[in-house]
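Enquirer: Predicted structure and sequence below. I'll ask about it afterward.
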6 protein chains.
Amino acid sequence: MSKYLLYSMTYEEAEEYLSKHDMVILPIGSHEQHGPANPLGTDFLIADALAKEAAKRTGVAALPPIPFGVSFHHMHFPGTITIAERVLEEYVLEVLKSLAKWGVKKVLIINGHGGNLYPLMIASRRAREELGIKAYIYQWWTSSREKLAELFEPEERGHAAAAETSLNMYLNEQWVRKDRLKDERPKKHELENKIITFTYTKEKSRSGVFGKQLNATPEKGKTLFDTLIEDLVKIIEKI
Amino acid sequence: MSKYLLYSMTYEEAEEYLSKHDMVILPIGSHEQHGPANPLGTDFLIADALAKEAAKRTGVAALPPIPFGVSFHHMHFPGTITIAERVLEEYVLEVLKSLAKWGVKKVLIINGHGGNLYPLMIASRRAREELGIKAYIYQWWTSSREKLAELFEPEERGHAAAAETSLNMYLNEQWVRKDRLKDERPKKHELENKIITFTYTKEKSRSGVFGKQLNATPEKGKTLFDTLIEDLVKIIEKI
Amino acid sequence: MSKYLLYSMTYEEAEEYLSKHDMVILPIGSHEQHGPANPLGTDFLIADALAKEAAKRTGVAALPPIPFGVSFHHMHFPGTITIAERVLEEYVLEVLKSLAKWGVKKVLIINGHGGNLYPLMIASRRAREELGIKAYIYQWWTSSREKLAELFEPEERGHAAAAETSLNMYLNEQWVRKDRLKDERPKKHELENKIITFTYTKEKSRSGVFGKQLNATPEKGKTLFDTLIEDLVKIIEKI
Amino acid sequence: MSKYLLYSMTYEEAEEYLSKHDMVILPIGSHEQHGPANPLGTDFLIADALAKEAAKRTGVAALPPIPFGVSFHHMHFPGTITIAERVLEEYVLEVLKSLAKWGVKKVLIINGHGGNLYPLMIASRRAREELGIKAYIYQWWTSSREKLAELFEPEERGHAAAAETSLNMYLNEQWVRKDRLKDERPKKHELENKIITFTYTKEKSRSGVFGKQLNATPEKGKTLFDTLIEDLVKIIEKI
Amino acid sequence: MSKYLLYSMTYEEAEEYLSKHDMVILPIGSHEQHGPANPLGTDFLIADALAKEAAKRTGVAALPPIPFGVSFHHMHFPGTITIAERVLEEYVLEVLKSLAKWGVKKVLIINGHGGNLYPLMIASRRAREELGIKAYIYQWWTSSREKLAELFEPEERGHAAAAETSLNMYLNEQWVRKDRLKDERPKKHELENKIITFTYTKEKSRSGVFGKQLNATPEKGKTLFDTLIEDLVKIIEKI
Amino acid sequence: MSKYLLYSMTYEEAEEYLSKHDMVILPIGSHEQHGPANPLGTDFLIADALAKEAAKRTGVAALPPIPFGVSFHHMHFPGTITIAERVLEEYVLEVLKSLAKWGVKKVLIINGHGGNLYPLMIASRRAREELGIKAYIYQWWTSSREKLAELFEPEERGHAAAAETSLNMYLNEQWVRKDRLKDERPKKHELENKIITFTYTKEKSRSGVFGKQLNATPEKGKTLFDTLIEDLVKIIEKI
């Protein structure tokens, strides 16, 4: 069978798939500001693109993306949509619960948005304890940190900065406003590394961009995407 | 601005959109069995296709689809994923809450799956009372009943039957298993119209198809889709 | 044993009943406006009267009525009391849970108020999945639609209209204000059959009556009640 | 107006009542074992009888009774129904919330069952803090303790003992099984007055009766009922 | 092993303890006003002191105190902290759940604050039903009532009165403001023994003291503490 | 006033404190395995010691420690107690809610246990949005990372390793089992830095120690504690 998206399969095809595999891929993102140049859907679009391509290469089926995530910190930028942590945790857990019923033992969550990490980690804990399955969280900016560091400067790796924007230029070029690219050095709290606290994006960045964005190109996006996929394929094989 | 998907807009473009419109479209579906011929994603794929096309025609922006819904009754068919009513209600309400913050007053929910109706209606009630906004629910099989009745026989309008399958053939032809089309007359409980009760699909249909599916064609799908869109555009204009 | 109300039995009598029957009847209503002529308790009073009479005739024991239901749409009319959907769902489910412990397999819920349907349906789903029992919902205006249609015109069948008022005149004559009977044609939203949305009663009817009420008589009430009971007895026997 | 039950009033009558009064009476009971002689509904039946009579005498309107309460400790006796504390608290609070909307400032809860006290007290706290209204809880066995002590011995005042049974004989004579009256001295835990802990009724009483029941008579029931009503009327006037 | 505090043990020592004992002690208090002379922590400090000493004497291990409890009624006095009943219930139940996993069958909760009783009783019920363990609640002012009555007058036994203040003087002398001792007769509601309702402390006592406090001495505190411990040790042995 | 613990103050003293300060310190820890040498209470004991000493030096008042935290990963080691994330989040938020009522604007949470971070971060978000106050989280192993790195090797800084054990030796020497010190190199998952997932401690460390513990001394504990306090005092001053 050549289908690699679970939602493209009939239930009979899914049955066959599930009899041979105990793993699926679940992309999740957010609908939030990514600076004046990037579309609001950046995070779920990238997560979905990674999930689809990884599924195609490995034969591990991908689910459709969960589009809305935890974005309270961006709620001063129009169009941002945020889900309470608890609600996202429950929504994801419901999906995991159904998958567990079908014999899935491992779910690779491709998380396109850092703000989702807390509820996803709680869901991962509950999946292990309540469902007896493992949920692994992949985030391209941490999971593939070394590769990323070879391609982009530190200040190009922040939220909506050159790395992310390049991915967008490669994947969704028609939606990127290249005329609105912008560099902005985020304000640093002097206790930034000393204490952890919730802060609003607007307190750190006027434009919503964290770092340098002007160097973004579709070519870098392609290189990065290919690198990420390579990494992801290896990870999937190891899991 | 030619963008009609909210997630394709930057936050500045969204700001502009939201200053001119007080309405958005939210598609929602399910990931569940649709017989041996249709893909699991049928409901959210159709809802999303309707949302995108209606958005394109009317200029009322569409959101990305919420892919997983309430599908407990189908949980004997592999690959089906179900969300508890309460969790779906909360997830949708979180989206509506963010939209309300941005000045949206009307949300047209394009619901691709009947099983979602209860939590959506509760969300609609809460949206009115807690957020002061209106959530309208459009379901193609009820909202466009008359048009549908002109094109398909009663037994062609059930779950996964010819009408829905034709839409799939038109929208996602590559995923439809035409070799697996099937007619099945669902078992009728003798109290069917007298009492309301939760029943499992497998108690009524062995294949998961409710009615006649063999007559489905992409052409009928196109005709139906065009008709639905026409209807939908009128509804949006009236709202 | 001649007792047919579970609450009139001692626990020893209940034990005997439960050893012979696996079914009980649970009436549920609301405390809400029914126009200027009908009492606030209309829905639970009718549900309770139906439950008691059906119990008497069939020997299937009835529980006491749950008096308050989901009535948000009527909250502009004094004295109306509303319960959040989720709370009603939980309250009903607790009752079902206890019944399941006593070996009850089937609960016939006589629902006197349409607004309760969503939470009752969710409770019915959960009863099946979490408790392994079946909850059937009977609503006189839908379950006995054909019989009703023989006795009353369409516009006499709405909320607080002639059919319901006649039942009240027969069952609770002393509480009906015959001097305040009223006909009111409810406002129709032009998208009424196209979209589903939460609306307040006052947006459709100034008096709270939906349709013709003036033709109500106790005699019609008696005929209707007898018809409903006949229907209900048959349904109970079939279940 | 001579109506004294809120549910017997039309909304216009309720409006008039609410413009003149800021208080209502809410009876609440349980559906649980009361020994081999008393009906399961004892607690809500007594609460409702007290509420109705007090309403009649004072003109303060009574609501219909909430029939199911917290009865986990009796769940070894068939027919008992129990509601989780939290669910009862929420159900009652929803009623109070609606009443607060109608300008009610004081709710006299006539609680027929001690097991409901914890959630009712929490509801009373929340009513004050969240709704700004006062909920007073009346329990005949504590609120009218002195009067009760004049009429019954200590061992006649326990659960299902002579006092309660006498009330039943007076109020619901046809449902009392006089042939099954029984005295049973409940087992005392030696730490009974030292520590508080949840215990099951069956651990203390085989029959479910706590104390002497044989002396119960309808006459004593009438005397007690009249005394309670006298007390209740005074309390209502003072509130 | 001479350790008697569970938190002072290593997990290996705990394992040994748990292989020999099926009981632990859990102190819980509050952080609330106790008049102008007593520290805010009075309740958890006394509960913890009792727990530690009882543990030392009996070898039944004590847990660390849960410091914050249900104190809504005192929220007009600065520094008071209150926890919603439901949250405290859940927090305690989580502790009991873990203990149940380790084979603990009996938990003696030393409750230093009456306001915690409702959620603790619900937790005790749930512990029995959901975890199969017993939670016993000890409160020094009720559990040792007789002993207390020998040492203090009725008006010296109220909240923050001489008995409690004496305990503080003995246990935490450095924190008691002897210059601020105060007698205050609490206002009595004329329905005080007739009805139960939530009331704020400030409605009854201006200073927050209920009764006579001036007679408090450290010596009386020592005598009371020794008496309580004696009682507590006996209770633990009986359990 | 020389009191620096909020719970040692009377409400009048608290009032005075709160009129001059808008900040308090809240220590929180866990009750979980820390290898065969350290007591179960390690995390809350260290958090409390840091809180008290920092309060003493700065005059910013400390609250009593919340002793039980999120420790699911350690639940194979006897005596460990775990609180569900959601329950801890709610418990902490209740405390913050009360503090907000008293005019507190900043709460420094001294978190002694990494497993608490997710719910604390959610509480920090909610405190900002729902209460309008800031909750800062200090964790000695991250907040004072540089200082720590000067004193201990990387493998001495893991859970229950030399750094933490030294703190214990300094603060709670009598409870440390020096005869049971142990070095254990934790198993590394080959995807450790690539993916994030919930894992049980026992899957990585047989003894529960992560790294080198044998080098721990009370002297190093004192030096570390002094360093941490120095850091903490600076942080408090900057906040």
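Expert: Alright, I've got the coordinates. Numbering: from 1, shown residues only, chains lettered A, B, ... in the order given.
Enquirer: Next up, the contacts around residue A:223.
Expert: residue A:151 (C-beta atoms under 8 Å, 6 or more residues apart in numbering or on different chains). In this view, the C-beta of every residue, glycine as well, is placed from N, C-alpha and C.
Enquirer: again with the one 5 residues further on
Expert: Neighbouring residues of residue A:228 by C-beta under 8 Å, 6+ apart: A:50, A:140, A:144, A:147.
Enquirer: Residue A:225 contacts residue A:172, doesn't it?
Expert: No: counting by C-beta atoms under 8 Å, residue A:172 is not a contact partner of residue A:225; they are 11.6 Å apart.
Enquirer: tell me, what's touching those two both at once?
Expert: Residues touching both residue A:225 and residue A:172 by C-beta under 8 Å, 6+ apart: none at all.
Enquirer: Which parts of chain A are helices?
Expert: Here chain A has its helices, by DSSP state H, at A:11-20, A:42-58, A:85-101, A:117-126, A:140-143, A:145-151, A:162-171, A:218-238.
Enquirer: Residue A:72 is nearest to which of these?
Expert: helix A:85-101 (8.8 Å; C-beta to C-beta).
Enquirer: Okay, buried residues for that closest one please.
Expert: For helix A:85-101, burial by neighbour count (16 or more other C-beta atoms under 10 Å in any protein chain shown) applies to A:85-100.
Enquirer: Around chain F, pick out the residues from chain A.
Expert: Within chain A, the positions adjacent to chain F are A:72-73, A:85-86, A:108, A:117-118, A:121-122, A:124-125, A:127-129, A:134-139, A:142-145, A:190-191, A:193-198, A:200, A:231, A:235, A:238-239 by C-beta under 8 Å from any C-beta of the partner chain.
Enquirer: contacts with chain D among the residues you listed, please.
Expert: Of those, not one also sits near chain D (C-beta under 8 Å from any C-beta).
Enquirer: follow-up on the earlier one: quick one, which of the helices of chain A is packed in tightest?
Expert: Highest mean neighbour count of the helices of chain A: helix A:162-171, a mean of 26 (counted as mean count of other C-beta atoms under 10 Å in any protein chain shown).
Enquirer: is chain B contacted by that one?
Expert: No: using C-beta under 8 Å from any C-beta, helix A:162-171 stays clear of chain B, coming no nearer than 10.6 Å.
Enquirer: for that helix, packing partners?
Expert: For helix A:162-171, the elements it packs on are helix A:42-58, helix A:218-238, judged by 3 or more C-beta pairs under 8 Å, 6 or more residues apart in numbering or on different chains; DSSP states H and E.
Enquirer: Those: which one's closest to residue F:214?
Expert: Distance to residue F:214, taken as C-beta to C-beta, is lowest for helix A:218-238 among the helices and strands packed on helix A:162-171, at 33.5 Å.
Enquirer: Do you know the pLDDT at the spatially most central residue of chain A?
Expert: Nearest to the geometric centre of chain A sits residue A:112, at 1.2 Å (C-alpha atoms, centre = their mean). Each residue has a pLDDT score; the one for residue A:112 is 97.
Enquirer: same question, the one 10 residues further on
Expert: According to the model's per-residue confidence, residue A:122 sits at a pLDDT of 98.
Enquirer: now do residue A:108
Expert: So, for residue A:108, pLDDT stands at 98.
Enquirer: which residues does it bridge with?
Expert: residue A:25, residue A:136 (DSSP bridges).
Enquirer: OK, contacts around it?
Expert: By C-beta under 8 Å, 6+ apart, the residues touching residue A:108 are A:23-26, A:60, A:136, A:138, A:235-236, A:239, F:195.
Enquirer: what does residue A:229 give?
Expert: By C-beta under 8 Å, 6+ apart, the residues touching residue A:229 are A:50, A:53-54, A:57.
Enquirer: Please dump those residues into CSV; it should also carry distance to residue D:13 and pLDDT for every row.
Expert: Below are the contacts of residue A:229 laid out as CSV (distance: C-beta to C-beta, whole Å; pLDDT from 0 to 100):
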residue, distance to residue D:13, pLDDT
A:50, 65, 98
A:53, 69, 98
A:54, 68, 98
A:57, 73, 97
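Enquirer: so which of those would you say is closest to residue E:33?
Expert: residue A:50 (56.5 Å).
Enquirer: Skipping its backbone neighbours, what lies nearest the closest one in space?
Expert: Distances taken as C-beta to C-beta, 6 or more residues apart in numbering or on different chains put residue A:110 closest to residue A:50, at 5.3 Å, once the chain neighbours are dropped.
Enquirer: how close does that neighbour get to chain E?
Expert: 32 Å (C-beta to the nearest C-beta, to the nearest Å).
Enquirer: follow-up on the earlier one: state the pair within the contacts of residue A:229 that is farthest apart.
Expert: A:50 and A:57 (10.8 Å).
Enquirer: Which single residue of chain A ends up nearest chain D?
Expert: residue A:86 (17.3 Å; C-beta to the nearest C-beta).
Enquirer: Tell me who's in contact with that residue.
Expert: Going by C-beta under 8 Å, 6+ apart, residue A:86 touches A:119, F:86, F:122.
Enquirer: Look up how far residue A:79 lies from the first one.
Expert: Going back to what we said before, that points to residue A:119. Separation of residue A:119 from residue A:79 (C-beta to C-beta, to the nearest Å): 22 Å.
Enquirer: Leaving out sequence neighbours, find the closest residue to residue A:163.
Expert: residue A:152 is the one closest to residue A:163 (C-beta to C-beta, 6+ apart), at 4.6 Å.
Enquirer: which stretches of chain A have low pLDDT?
Expert: For chain A, the stretches with pLDDT under 70 are A:1.
Enquirer: Could you measure from residue A:104 over to chain C?
Expert: From residue A:104 over to chain C (counting by C-beta to the nearest C-beta), the distance is 20 Å.
Enquirer: so how far is residue A:89 from that residue?
Expert: Distance from residue A:104 to residue A:89, counting by C-beta to C-beta: 19 Å.
Enquirer: so how far is residue F:69 from the residue of chain A at minimum distance from chain E?
Expert: As assessed by C-beta to the nearest C-beta, chain E sits closest to residue A:129 within chain A, at 11.9 Å. To residue F:69, residue A:129 is 16 Å away according to C-beta to C-beta.
Enquirer: more crowded one of the two?
Expert: residue F:69 (29 against 13; other C-beta atoms under 10 Å in any protein chain shown).
Enquirer: Phi, psi for the residue nearest to the more buried one when sequence neighbours are not counted please.
Expert: Take residue F:69 and drop its neighbours on the chain: the residue closest to it by C-beta to C-beta, 6+ apart is residue F:30, 3.6 Å away. Residue F:30 adopts backbone torsions of phi -160, psi 170, taken as degrees, to the nearest 10.
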